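**Q** I'd like to go over a predicted model; first the sequence, then the structure.
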Amino acid sequence: MLNITNNSLNKTVTLKDYKSYKKAFKRKYFKMFNRFLITFAVLLIIILFLPWTQNVTGKGSVTTLTPEQRPQTIQSPIPGRIEKWYVNEGDFVKKGDTILFISEIKNEYQDPLLVERTNEQRDAKSKSVVSYQEKIKALKNQVNALTNERELKLSQAKNKLEQSRLKVKSDSIDFEAAKTNLAIAERQFNRTTTLQQEGLKAMTDVEEKRLKLQETQAKLISQENKLLASKNSVINAQLEISRITAEYADKIAKSQSDRYTAETSQFEAVAQVSKLNNQSANYAIRNQLYYITAPQDGYINKAIIGGLGETFKEGEKLVGIMPANYNLAVETFVDPIDLPLIHLNESVRIQFDGWPAIVFKGWPNASFGTFAGRVVVIETFISSNGKFRVLIAPDNEEPEWPKNIRVGSGARSIALLEDVPIWYEIWRQLNGFPPNYYTPDNENDTKSKK
């Protein structure tokens, strides 16, 4: 064995005389092993051609069909301090039941009469609004009175202007008459002077005509002065109209300015009243927020902040609650390569954690290994885990899901596809190819109906 000597034992010793040789090297054992290999090969070939149902599997958990039925936490919209708990973990609460009472920690809201004092400020501002309204009415009346007075003054001035214009006409006529009389007096004087030079008139007649001429000239000058005075009266009347218009325009503008100022103050007071109303309503609502109530019927799961006197910020989680009424569903995730094979309303089999896939006699409340469901939601955007989320609801035409499963339990979904030979499925898995694309029968029926 170690080739120490040159003598070979296999030439001097034979094994044929031993019983072990006869048992190990008999020919019939080779025949049986060969038959076994042939039978196994035939069975393997037959198995390779047996049908295999392709499927898309996914892992997920039990959830609820609608978002408002899922477990939630209750937050406080305001910061505060826990003063009293009214429930214990595991208690059932109805919608509106008080869970805990909190107190205020911000200084600006700690006044117990904050709402009443705000209402007093609002009432005072409301009275100032009424006062401004009365002031605006008085200013409007003042503007109306000034407008009426201006119209009367303008009417008087216009009448005076018209009188002045008529007097100008009258004086102008008298002035023309005076000019005519002067011309007549000059002709008479000249004629008398000529006749006196010829000896036909006495000197006294000439002097009378000269006196009359001078009187006529004086009357003409006097009449011209009256005409100029009348024209000045017209100008003065026009100036008076302009003065009255400017004076009352200034008074009316001042009254309107005061009215606009009062209206501005009124609007500011109204805005302050509205702001105080808003503050009062907010304070009243804030007082109601000191009592944390249940948003719906459910069970108290866990107190996240438990001790008395603990403070928290707004929006911080205080307690968890599980709705009492909910419809179960399975939230599963499939790979992007398998997403085109999942269709809405497609039947899916589900295996829940705690329920065996193979049913055996004696297992309590378990008559099925997998349960039926239908796809109701397929998300169009990939999740953070790199897969697409699919929501599966119970199939009402199949046996009900187990009653003892809870939200959050694990689940495994299996969507059955087409039947293919086993060799094809092995070849597909080795090459990493997706399952055969197919369209469900119900989708084809829907398209044909359309």
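**A** Now that the structure is in, tell me what you want to look at.
**Q** packing partners for the longest helix seen in the chain?
**A** The residue-count maximum for a helix in the chain (DSSP state H) belongs to helix 203-288. Counting contacts by 3 or more C-beta pairs under 8 Å, 6 or more residues apart in numbering; DSSP states H and E, helix 203-288 is packed against helix 114-197. Placement of C-beta: from N, CA and C, glycine included.
**Q** tell me the angle of the helix it packs on relative to helix 203-288?
**A** 170 degrees (axes from the mean of the first three to the mean of the last three C-alpha atoms, to 10 degrees).
**Q** Break the chain into its domains for me.
**A** 52-68+326-449, 71-104+290-322, 114-288 (automatic domain parsing).
**Q** Of those domains, which shows the lowest average pLDDT?
**A** Mean pLDDT is lowest for domain 52-68+326-449 out of those, coming in at a mean of 79.
**Q** for it, the distance to its chain's centre please.
**A** The chain centroid and the centroid of domain 52-68+326-449 are separated by 38 Å under C-alpha atoms, centre = their mean, to the nearest Å.
**Q** just to revisit the earlier point, after the longest helix of the chain, next one along is what?
**A** strand 291-293 (DSSP states H and E).
**Q** can you pull the buried residues of that next one?
**A** 292-293 (16 or more other C-beta atoms under 10 Å).
**Q** which residues touch the following helix or strand past it?
**A** Downstream of strand 291-293, the next assigned helix or strand under DSSP H and E is strand 298-303. For strand 298-303, contacts defined as C-beta atoms under 8 Å, 6 or more residues apart in numbering pick out 71, 85, 87-93, 99, 318-324.
**Q** Strand 298-303 pairs with which strands?
**A** If you go by DSSP bridges, strand 298-303 pairs up with strand 92-93 (antiparallel), strand 317-323 (antiparallel).
**Q** need those strands in TSV with distance to Ala237 and mean neighbour count, can you?
**A** Below are the strands paired with strand 298-303 laid out as TSV (distance: least, C-beta to C-beta, whole Å; neighbours: other C-beta atoms under 10 Å):
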stretch	distance to Ala237	mean neighbour count
strand 92-93	92	16
strand 317-323	87	19
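**Q** Between those strands, which one is closest to Asp174.
**A** strand 317-323 (107.1 Å; C-beta to C-beta).
**Q** Next secondary structure element downstream of the closest one?
**A** In N-to-C order, the element after strand 317-323 by DSSP H and E is strand 328-334.
**Q** mind listing what's buried in that next one?
**A** 328-334.
**Q** One more: stretch 142-153?
**A** Those buried within stretch 142-153 under the rule 16+ other C-beta under 10 Å are 142-143, 146, 150, 153.
**Q** is it possible to export those residues to CSV including distance to Glu207?
**A** What follows is those, written out as CSV (distance: C-beta to C-beta, whole Å):
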residue, distance to Glu207
Gln142, 71
Val143, 71
Leu146, 66
Arg150, 61
Lys153, 56
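**Q** on that earlier part again, nearest to Val375, out of the strands paired with strand 298-303?
**A** strand 317-323 (23.5 Å).
**Q** Go ahead and measure how far that closest one is from the middle of the chain.
**A** On C-alpha atoms, centre = their mean, the centre of strand 317-323 falls 27 Å from the chain's centre.
**Q** Likewise for stretch 156-169?
**A** Centroid separation for stretch 156-169 versus its chain: 71 Å, with C-alpha atoms, centre = their mean.
**Q** Keeping just the C-alphas, turn it into CSV.
**A** Taking Å, rounded to 0.1, in the frame of the first residue of the first chain, the C-alpha atoms of stretch 156-169 are listed here in CSV:
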residue,chain,number,x,y,z
GLN,A,156,-79.1,135.1,-6.1
ALA,A,157,-75.8,136.0,-7.8
LYS,A,158,-77.1,134.9,-11.2
ASN,A,159,-80.2,137.0,-10.7
LYS,A,160,-78.0,140.0,-9.8
LEU,A,161,-75.9,139.3,-12.9
GLU,A,162,-79.0,139.3,-15.0
GLN,A,163,-80.2,142.5,-13.5
SER,A,164,-76.8,144.1,-14.1
ARG,A,165,-76.9,142.9,-17.7
LEU,A,166,-80.4,144.4,-18.2
LYS,A,167,-79.2,147.6,-16.6
VAL,A,168,-76.3,147.7,-19.0
LYS,A,169,-78.7,147.4,-21.9
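**Q** So which other helices or strands are in contact with the biggest strand by length in the chain?
**A** In the chain, with assignment by DSSP state E, the single longest strand is strand 51-64. With contacts taken as 3+ C-beta pairs under 8 Å, 6+ apart, strand 51-64 sits against strand 328-334, strand 388-394, strand 410-421, helix 422-431.
**Q** can you put the domains of the chain in CSV and add distance to Ala41?
**A** Shown next, in CSV, are these (distance: least, C-beta to C-beta, whole Å):
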stretch, distance to Ala41
domain 52-68+326-449, 14
domain 71-104+290-322, 56
domain 114-288, 81
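**Q** can you tell me which of those comes nearest to Phe36?
**A** Nearest to Phe36, of the domains of the chain and by C-beta to C-beta, is domain 52-68+326-449 at 21.6 Å.
**Q** Measure how buried the residue nearest to Glu400 when sequence neighbours are not counted is and give me the count.
**A** Distances taken as C-beta to C-beta, 6 or more residues apart in numbering put Pro394 closest to Glu400, at 6.9 Å, once the chain neighbours are dropped. Pro394: 20 surrounding residues under other C-beta atoms under 10 Å.
**Q** what is Pro394 paired to in the beta sheet?
**A** Assigned bridge partners for Pro394, using DSSP bridges, are Gly373.
**Q** spatially speaking, which residue is in the middle of this protein?
**A** Geometric centre of the chain, nearest residue: Pro77, 18.8 Å, by C-alpha atoms, centre = their mean.
**Q** Three-state assignment for that residue, please.
**A** coil (DSSP: H, G, I helix; E, B strand; the rest coil).
**Q** Same check on the one 10 residues further on?
**A** Reduced to three states with three-state DSSP, the structure at Val87 is coil.
**Q** Test my guess that it contacts Val93.
**A** Yes - counting by C-beta atoms under 8 Å, Val87 does reach Val93; the two are 6.0 Å apart.
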